[in-house]
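In: Compute the structure for the input listed below.
(one chain, ligands or ions: 1)
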Amino acid sequence: MPQRALFETLKEEINKRIIMKIFSKFNLGSIELQNRVVMAPLTRSRAENNIPNQLMSDYYGQRASAGLIITEGTAPSANGLGYARIPGIYNEAQIKGWKNVTNRIHEEGGKVFLQLMHTGRVSHADNMEEDSEVLAPSAIALNGEMYTDQNGLQPYPVPREMTREDIIQAQNEYVQAAKNAIKAGFDGVEVHAANGYLIDQFINTASNKRSDNYGGSIENRSRFALEVTQKVSAAIGSERTGIRVSPNGAFNDMEAFDDLEEAYKYLAHELSHLKLAYLHIVEMAALGGPDVPLSLKLMIREAFGGPVIRSGGLDKETAEAALNNNEAELVAFGRSLIANPDLVYRMENDLSLQDPDFDTFYTPGAKGYTDYPFAAVNVT
Ligand SMILES: Cc1cc2nc3c(=O)[nH]c(=O)nc-3n(C[C@H](O)[C@H](O)[C@H](O)COP(=O)(O)O)c2cc1C
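Out: Next up is the predicted model:
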């Protein structure tokens, strides 16, 4: 390439990188992220016996060029283990397995938060250990069926309504799990309060019919979310604690209740007192769920006052626009990071993206997991 053309290309490249906010660094609490790209939490069901393994370490290591990885939903206790082959963080073998994952991500220059996901009623005994129990705010079963390795699809069970003691026990499990996560080398944890899992089951009127001070009013339905998050952040540090919410979410039989805007405003405002690392807003419109109006997202952002991550159907352009319009500090990518381990490199260089293979989202083994090719690096 003639020198002048080479110079122009380099200049163009440098400008592109300087101009685009998505590729700029961000200080999340005390950790520095290399860019604003977040790997969204993605359940991949590769954890045989619920223990993180070498294959998972390879998978996350491949994706460590994202500024921040948020792991797949991980059970804080045996009761929270609803799906087949999802990992936990409540015993020594799991902590050791995760340590291998966090070491790998850090070696590759990445940062990682563990998503704490207690599945509540989204569960089945076949996917759980003996002596564990399907618990929820109220004894209301989900409609439909749950996949199990042993017996295929099974109707969702009716969960046992949690007592006051169960609530305290579950909160303590989140706290212990968060401490275990720090022991395993994580940079922080994300409390999963979205998508119809346990915490969302308290927030949403479809699954919470309680008459005590954990049900009924907005304050009462938010109590479990706030107490869990407060206790976790007190245990490991607020700058190491994030939370994910799904306003208007319909996944796992959640409903659009009457006082929804008010409820999320209250929740975000109460969370603002905790000075958390971030609030993560997920919308599932790209996966067939309802739209989340921009006004609702901005209202939550304002009430929270701290860093916000946006997730759901983003690409390079829409993510950059969200950052430039001051709608978020960080942008998360799910399916595109499944299919493109080098998503950041591909976006930086305007390379085409590979499509994800839906059939292997939750199947065991390397296929559709660690075998998505990296873009060939042009070395002319
Ligand atoms: C295979 C798969 C697994 C997912 N697992 C989780 C999960 O464990 N926790 C969670 O909060 N969201 C989960 N999600 C939602 C994603 O984090 C993300 O918000 C969603 O895919 C929308 O983003 P996208 O359009 O960039 O894929 C999952 C989505 C997919 C496709």
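In: which residue ranges form the strands in the protein?
Out: Assigned by DSSP state E, the strands in the chain fall at 26-28, 31-33, 37-39, 68-74, 112-116, 135-136, 145-148, 152-155, 160-161, 188-193, 241-245, 278-282, 308-311, 330-333.
In: Nearest to the ligand, out of the ones you listed?
Out: Comparing those against the ligand with CB to the nearest ligand atom, the closest turns out to be strand 68-74 (3.3 Å). Heads up, the C-betas are built off the backbone N, CA and C, glycines and all.
In: thinking again about what came up before, may I see the strands of the chain arranged in TSV, with mean neighbour count as well?
Out: Below are the strands of the chain laid out as TSV (neighbours: other CB atoms under 10 Å):
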stretch	mean neighbour count
strand 26-28	18
strand 31-33	16
strand 37-39	29
strand 68-74	28
strand 112-116	27
strand 135-136	26
strand 145-148	16
strand 152-155	12
strand 160-161	14
strand 188-193	29
strand 241-245	27
strand 278-282	26
strand 308-311	24
strand 330-333	26
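In: Using a markdown table, lay out these together with mean pLDDT and distance to the ligand.
Out: Compiled in a markdown table, the strands of the chain are given as follows (pLDDT from 0 to 100; distance: least, CB to the nearest ligand atom, whole Å):
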| stretch | mean pLDDT | distance to the ligand |
| --- | --- | --- |
| strand 26-28 | 97 | 18 |
| strand 31-33 | 97 | 18 |
| strand 37-39 | 98 | 9 |
| strand 68-74 | 98 | 3 |
| strand 112-116 | 98 | 6 |
| strand 135-136 | 98 | 18 |
| strand 145-148 | 96 | 13 |
| strand 152-155 | 97 | 18 |
| strand 160-161 | 98 | 24 |
| strand 188-193 | 98 | 5 |
| strand 241-245 | 98 | 5 |
| strand 278-282 | 97 | 4 |
| strand 308-311 | 98 | 4 |
| strand 330-333 | 98 | 5 |
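In: right, and those strands - which one's nearest Arg4?
Out: Nearest of the strands of the chain to Arg4, taken as CB to CB: strand 37-39 at 32.9 Å.
In: I'd like to know which elements the closest one is packed against.
Out: Under the contact criterion of 3 or more CB pairs under 8 Å, 6 or more residues apart in numbering; DSSP states H and E, strand 37-39 touches strand 68-74, strand 330-333, helix 343-348.
In: Name the residues of the stretch 101-250 of the chain found near the ligand, please.
Out: Taking CB under 6 Å from any ligand atom as the criterion, the stretch 101-250 of the chain approaches the ligand at residues Gln115, Met117, His192, Ala194, Asn195, Arg244.
In: Might you report the residue contacts of the first one?
Out: In other words, Gln115. Pro41, Ile70, Thr71, Glu72, Gly73, Thr74, Val189, Glu190, His192, Arg244 (CB atoms under 8 Å, 6 or more residues apart in numbering).
In: Could you pull out the helices in the protein for me?
Out: Ranges of helices within the chain are 3-19, 54-62, 92-107, 164-183, 198-203, 218-236, 260-272, 294-304, 316-324, 335-339, 343-348, based on DSSP state H.
In: any idea of the mean pLDDT in the second one?
Out: Averaging pLDDT along helix 54-62 gives 98.
In: For the spatially closest residue to Leu353 that is not a sequence neighbour, give its distance to Leu114.
Out: Nearest residue to Leu353 in three dimensions, chain neighbours excluded: Asn340, at 5.3 Å (CB to CB, 6 or more residues apart in numbering). As judged by CB to CB, to the nearest Å, Asn340 and Leu114 stand 23 Å apart.
In: What of Ser123?
Out: From Ser123 to Leu114 the distance is 20 Å (CB to CB).
In: now swap in Met284 and tell me
Out: Relative to Leu114, and taking CB to CB, Met284 is found at 22 Å.
In: tell me the contacts of the closest residue to Leu351 other than its chain neighbours?
Out: Nearest residue to Leu351, sequence neighbours excluded (CB to CB, 6+ apart): Ala375, at 5.1 Å. The contact partners of Ala375, by CB under 8 Å, 6+ apart, come to Asp342, Tyr345, Arg346, Asn349, Leu351.
In: For those, work out which two are farthest apart.
Out: The widest separation within the contacts of Ala375 (CB to CB) is 9.5 Å, between Asp342 and Asn349.
In: who's more crowded, those two?
Out: Neighbour tally, Asp342 and Asn349, criterion other CB atoms under 10 Å: the higher count belongs to Asp342, 21 against 13.
In: quick one: that one and Ser65 touch, right?
Out: Yes. Contact criterion CB atoms under 8 Å: Asp342 and Ser65 qualify, at 6.5 Å.
In: Look up how far Asn180 lies from the closest residue to Phe186 other than its chain neighbours.
Out: Sequence neighbours aside, Leu114 is the residue nearest to Phe186 in space, at 4.7 Å (criterion: CB to CB, 6+ apart). Per CB to CB, Leu114 is found 9 Å from Asn180.
In: got it, and Gln54?
Out: 20 Å.
In: helices or strands up against the lowest-mean-pLDDT helix or strand in the chain?
Out: Using mean pLDDT, DSSP states H and E, helix 3-19 stands out as the lowest-scoring helix or strand of the chain, at a mean of 73. The helices and strands touching helix 3-19, judged by 3+ CB pairs under 8 Å, 6+ apart, number zero.
In: Report the inter-axis angle for that helix versus helix 316-324.
Out: For helix 3-19 against helix 316-324, the angle by axes from the mean of the first three to the mean of the last three CA atoms, to 10 degrees is 50 degrees.
In: ok, Ala256 - contacts?
Out: Here Ala256 is in contact with Asn248, Ala250, Pro290 (CB under 8 Å, 6+ apart).
In: Not counting its neighbours along the chain, what's nearest the residue of the chain found nearest the ligand?
Out: Going by CB to the nearest ligand atom, the ligand is nearest to Gly334 of the chain, at 2.7 Å. Spatial nearest neighbour of Gly334, excluding adjacent residues (CB to CB, 6+ apart): Ala40 at 3.8 Å.
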